[in-house]
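Trainee: Here is a sequence together with a model predicted from it:
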Amino acid sequence: MKFALAGNPNSGKTTLFNSLTGSTAHVGNWPGVTIDKRSGFYKKGGGNVEIIDLPGIYSLSPYTPEEVVSRNFLLDEKPDCIINIVDSTNLERNLYLTTQLLELDVPVVIALNMTDALKKEGGEIDAAELERLFGVPSVKISALVGDGLDLLMQRAVNAAKQKRAGRSVLDSGKCAGVINAIKELYIKDNISNPLFHAVKLVENDGIETAANAAFAAKAEELKKGVETGVFEGDFEGLIADARYRYISENLAAVQKKPAPRAVGFLTKSDKIDRVLTHKVWGIPIFLLIMLGVFHITFGENFLFLGGWLIPESFDSAIFGSGALNSPGVIIFNLMDAATSRLGEVVSSALPEGMWYTSMISDGLFGGVFAVLSFVPQILVLFLFLSILEDSGYMARVAFIMDRAFRRFGLSGKAFMPLVMCFGCAVPGIMATRTLENKEERQRAIFLTPFFSCGAKLPIWAAFAGVFAMYRGLNAELTVFSMYILGIVVAIVSAFLLKATIIKGETPPFIMELPSYRAPKPKNTIIHLWQKLKHYVIRAGTIIAAATVVIWFLSSFSFSFEWVGADGNPEGSILGLISKYVFRWVFYPLGFAMGENGWMFVVATLTGLIAKEVVVATMGVFAGMDGDEALETEGSELGGTALGGVIISVGGMLGGLNVAIPAMFAFMAFNLLSVPCMAAVAAARSELNDKKMLFKAIAFWIITAYAVSLVIFWVGTLYTLAFWAGFAVTAAIVAAIAGAVWHRLKKTERKG
Ligand code: BGO
């Protein structure tokens with residue numbers, strides 16, 4: 001059996017689909033359009049009941065691609081039953097679609113969803129009365145809680161076994177005569193769903209009139225006899241009005257509405273929104289919340305207690321130097337120590353001085369463990385991001401951002417997929433398909449790498465650790481600066497793109513903000529589990545493979561001599577190519593300078609495959625080259641994966657006084673350039689235009705290069721003469737602000 005799930009956006013379709021299908025869901029595309037097609041099997045149906053989740057729609061008229069896709073599916077694929085999911089807290093609007101679905105010759109079951117929320121508001125629904133009104137089974141459910149789902153499916157299976165002829169609420173209306181006459185024509189022509197087609201033809205529906213010109217002419221003739229009153233011949237309006245009239249006239253018997261609110265009454269959510277989405281304070285509060293999250297994840301002085309409560313001499317995983325580590329850092333230290341110990345045990349079991357011992361301990365373990373040791377910190381960060389998302393706050397962020405940045409070419413709707421890129425650019429790029437406007441979609445895809453994804457996190461964490469240890473810089477601010485840099489570059493880029501290569505208006509953003517709710521532990525656990533799985537699979541596949549290749553290329557010379565034996569990766573294939581070819585490309589950015597500069601070049605290039613490989617590459621180099629340094633600098637971290645990364649970076653920090661700006665330039669380049677091969681593949685399929693894809697890649701590389709160049713040289717100026725650096729920064733900010741202001745004024749004048 002094949003069931004179609006149809007309903008308004010936000011009626012709970014996804015929640016119901018997930019509850020019914022569990023892990024059997026399959027996501028593809030509807031033919032010819034980039035709209036997700038999700039299907040799966042009812043998990044209690046023994047593989048006999050397939051459920052197809054139609055896109056969220058308000059009607060079956062062809063106003064949007066979603067409506068066309070749903071309509072074609074219902075007419076052409078002939079599902080055995082339609083489960084029409086309806087938001088019980090918004091019955092009037094949702095039943096408008098129901099009145100259209102009922103006109104098809106397909107069994108329909110109404111799923112009255114969100115009954116839990118309705119109950120909380122003090123409302124109630126009489127499902128039996130609705131059943132009598134529409135003549136189809138109606139079941140009260142809560143997709144979120146899981147109530148009523150078995151009964152719903154039972155009734156759907158029963159309904160699917162019977163034939164059903166379409167019925168219209170327009171039966172007794174002004175157009176009934178015309179609709180019936182046209183319906184007879186369709187029946188004579190043996191066309192299925194005659195009632196649906198007849199109504200659409202009378203409505204002047206574009207698809208229907210084009211497909212049946214002869215019937216359309218007949219309908220026009222018949223319509224002349226209908227008194228349309230204030231609608232003055234607009235049959236579409238007349239029919240829409242008749243549907244709403246029918247619903248509102250009969251609704252009183254079906255639902256007990258929650259008591260009306262007094263004028264000026266504010267719900268708890270409204271009160272919270274007054275603060276969190278405040279015109280002025282909304283963005284600063286968002287930044288503070290994010291800073292708090294980074295503090296808990298990366299802070300080495302938790303709640304700034306250091307020097308107050310913690311004895312100075314206490315050094316361990318829990319206490320840093322004289323301060324309490326944040327939860328993220330504590331878990332990281334423990335994981336780091338565990339992976340290092342495991343590496344030691346395995347290495348000690350292998351013979352010393354052999355190439356394969358080096359391959360396993362320096363290459364595979366050095367690289368993979370360097371990545372894995374950051375997993376706990378990534379999970380801590382995503383725990384908080386998931387809580388913010390599930391509570392309903394992230395939807396507010398889109399709203400706040402829309403208000404602030406719409407004029408720069410970024411709407412709140414485009415911000416939603418971009419916020420997803422904080423997790424991973426691939427689903428973020430795929431989520432841009434929710435943007436109907438082509439130009440806005442393209443602009444959003446161009447901006448995706450700038451939103452720092454989870455794979456880049458180990459880079460920031462490693463460098464933040466180095467900066468904190470060697471230069472006393474605040475770790476969470478270092479990480480925070482990368483996120484903020486990404487957002488700022490995205491906003492300026494959106495503006496530039498809109499003014500140059502991807503012109504076009506920013507469409508209006510209308511969104512229903514869900515009420516705040518307590519995050520569901522189950523959702524959070526699923527979310528974290530998916531993240532963990534993703535990382536571990538990547539570490540065990542692409543990153544493991546990449547580290548072995550990097551180990552090979554940096555251990556053997558062009559004459560295949562094992563140069564890794566004497567810890568001399570500079571003479572290796574990768575060392576020489578990087579040193580004599582690519583290094584010069586990156587030389588102006590600072591990080592390619594100095595003794596270990598070529599290593600950063602290699603890390604940057606290999607990072608184009610996947611950003612986790614940046615740290616993995618450093619782990620490999622640290623394993624091969626770090627022993628000497630371990631005895632001197634950073635010995636307290638000696639032997640650990642992070643220690644290795646820190647030493648390889650630290651060697652450069654010690655040798656070069658422009659190291660800090662150079663390292664920030666390195667981080668900026670890795671933040672802004674090509675995200676990873678998987679993201680490029682996603683961009684290719686979503687842009688569906690080779691030229692645009694090349695433009696996107698070029699845009700990412702040029703932006704990354706330009707921003708890193710500015711960071712390095714202006715940063716260097718700061719180290720030489722603070723005021724000179726400050727003056728140049730002020731000049732750059734003024735130039736950008738001036739250009740933006742000029743452009744805005746120009747568009748305002750045009751508008
Ligand atoms: C958010 N009861 C309640 N109370 N809520 C429900 C039910 C239900 O039975 N079913 C769904 N929801 P989708 P479409 C949200 O996303 O399935 C909620 O568009 C939030 N998200 O959880 O996405 C569901 O597929 C943060 O709510 O609908 C979802 O049809 C705070 O209805 C919303 C509050 O469901 C839409 C809500 C981060």
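Mentor: Sure thing, it's come through. Note that the coordinates shown come from a computational prediction; the quantities given were computed from them, not determined experimentally. Numbers count the residues shown, from 1 in each chain.
Trainee: Let's check: the centremost residue of this structure is which one?
Mentor: By C-alpha atoms, centre = their mean, the chain has its centre lying nearest to Met420, at 2.2 Å.
Trainee: how far away is that one from the ligand?
Mentor: 12 Å (C-beta to the nearest ligand atom, to the nearest Å). Heads up, the C-betas are built off the backbone N, CA and C, glycines and all.
Trainee: if I look at that residue, how far off is Ala444?
Mentor: According to C-beta to C-beta, to the nearest Å, Met420 stands 11 Å off from Ala444.
Trainee: can you check Leu528 too?
Mentor: Taking C-beta to C-beta, one finds Leu528 at 26 Å from Ala444.
Trainee: before we move on, what about Glu184?
Mentor: 50 Å.
Trainee: With Leu144 instead?
Mentor: 29 Å.
Trainee: picking that back up, which of Glu184 and Ala444 has more residues huddled nearby?
Mentor: Comparing Glu184 with Ala444 by other C-beta atoms under 10 Å, the one with more neighbours is Ala444, at 30 against 12.
Trainee: what about stretch 118-130, distance to the chain center?
Mentor: 35 Å (C-alpha atoms, centre = their mean, to the nearest Å).
Trainee: hey, C-alpha coordinates of it in CSV?
Mentor: What follows is stretch 118-130, C-alpha atoms only, in CSV (Å, rounded to 0.1, in the frame of the first residue of the first chain):
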residue,chain,number,x,y,z
LEU,A,118,-4.2,22.4,22.1
LYS,A,119,-5.0,20.8,25.4
LYS,A,120,-2.4,22.9,27.1
GLU,A,121,-4.1,26.1,25.6
GLY,A,122,-7.4,24.9,27.0
GLY,A,123,-8.9,24.0,23.6
GLU,A,124,-10.6,20.7,22.5
ILE,A,125,-11.6,19.0,19.3
ASP,A,126,-14.6,16.7,18.6
ALA,A,127,-13.1,14.3,16.1
ALA,A,128,-16.4,12.4,15.6
GLU,A,129,-18.1,15.7,14.7
LEU,A,130,-15.4,16.4,12.1
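Trainee: List the buried residues in it.
Mentor: Neighbour counts using 16 or more other C-beta atoms under 10 Å place 118-119, 123, 125-127, 129-130 of stretch 118-130 among the buried residues.
Trainee: Look over these and name the one with the lowest pLDDT score.
Mentor: Ranked by pLDDT, these bottom out at Gly123 (86).
Trainee: State the distance from that one to the ligand.
Mentor: 13 Å.
Trainee: burial of Ala494, as a residue count?
Mentor: 25.
Trainee: Can you give me every residue that contacts whichever residue of the stretch 351-500 of the chain sits closest to the ligand?
Mentor: As assessed by C-beta to the nearest ligand atom, the ligand sits closest to Gly392 within the stretch 351-500 of the chain, at 3.0 Å. Listed by C-beta atoms under 8 Å, 6 or more residues apart in numbering, the contact set of Gly392 reads 269, 513-517.
Trainee: Could you list which of these belong to helices?
Mentor: If you go by DSSP state H, the contacts of Gly392 have Ser269 in helices.
Trainee: can you list the residues of the stretch 301-450 of the chain near the ligand?
Mentor: Counting by C-beta under 6 Å from any ligand atom, the residues of the stretch 301-450 of the chain lying close to the ligand are 389-390, 392.
Trainee: List just the nearest of these to Ala622.
Mentor: Using C-beta to C-beta, Glu389 is the member of those that sits closest to Ala622, with 35.4 Å.
Trainee: Let's verify the closest one: helix, strand, or coil?
Mentor: Here Glu389 is helix, with the state taken from DSSP: H, G, I helix; E, B strand; the rest coil.
Trainee: How many neighbouring residues does it have?
Mentor: Per other C-beta under 10 Å, the neighbour tally for Glu389 reads 21.
Trainee: Excluding residues flanking it in the chain, which one is nearest Val397?
Mentor: Phe286 (5.9 Å; C-beta to C-beta, 6 or more residues apart in numbering).
Trainee: To clarify, my last question referred to Lys611.
Mentor: Ala455 (3.9 Å).
Trainee: hang on, the one you found packs against Glu612?
Mentor: Yes: in this structure, Ala455 is within contact of Glu612 by C-beta atoms under 8 Å, at 4.9 Å.
Trainee: Identify the contacts common to the two.
Mentor: Arg538.
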